[in-house]
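Participant: After the sequence you'll find the predicted model.
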Amino acid sequence: ERDYEYLQLIECLKKTGMPLKEIREFVRMTVEGDGTIEARLALFRRRREAVERQIEELQNTLKIIDYKCWYYERAWSEGTTDALEQMPMDEIPEQYREAKKYLQGSADGSEPE
């Protein structure tokens, strides 16, 4: 049962994008025992920060995808994208405006919030 839990943890680390080199380092520290607890904690804190950044990036990506779904649903119902291309920003639903601005090349280059 403990081996299964260990394998599940390694799979979890892989899913976070942790490089194989770091996974090997974690395995080595685990084998070394309690003297590496602080280092393992630091490893998991770094991984947590990386996952939080990934989540934020995916949330921004989802906002763009949601905008494009709205865009193509409208285009499909109207039979063209022409009207949408000329649509003033204030006519675009508020929840999609940041994504539209981002796709147009926002002034500060940041992703939608």
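Facilitator: Done, it's in.
Participant: who touches I92 in this structure?
Facilitator: Going by C-beta atoms under 8 Å, 6 or more residues apart in numbering, I92 touches K100. C-beta coordinates here come from the backbone N, C-alpha and C atoms, glycine included.
Participant: Offset the numbering so it begins at 56, please.
Facilitator: Got it, the first residue is 56 from now on, which makes the last one we talked about I147.
Participant: Backbone torsions only: list them for it.
Facilitator: Dihedral pair for I147: phi -80, psi 130, per degrees, to the nearest 10.
Participant: these two touch, right, T136 and A130?
Facilitator: Yes: under the criterion of C-beta atoms under 8 Å, T136 makes contact with A130 at 4.4 Å.
Participant: Name the residue in those two with the higher neighbour count.
Facilitator: Higher neighbour count among T136 and A130: A130, with 16 against 13, using other C-beta atoms under 10 Å.
Participant: Which helix or strand contains the more buried one?
Facilitator: Using DSSP states H and E, A130 maps to helix 92-133.
Participant: What's the first helix or strand after that helix?
Facilitator: Next along the chain after helix 92-133, taking DSSP H and E as the criterion, comes helix 137-140.
Participant: Show me what that following helix is packed against.
Facilitator: In terms of contacts (3 or more C-beta pairs under 8 Å, 6 or more residues apart in numbering; DSSP states H and E), helix 137-140 is packed against helix 92-133.
Participant: how far does the helix it packs on sit from the chain's center?
Facilitator: Offset of helix 92-133 from its chain centre (C-alpha atoms, centre = their mean, to the nearest Å): 2 Å.
Participant: Repeat that for stretch 75-83.
Facilitator: The chain centroid and the centroid of stretch 75-83 are separated by 23 Å under C-alpha atoms, centre = their mean.
Participant: Brilliant, that's me finished.
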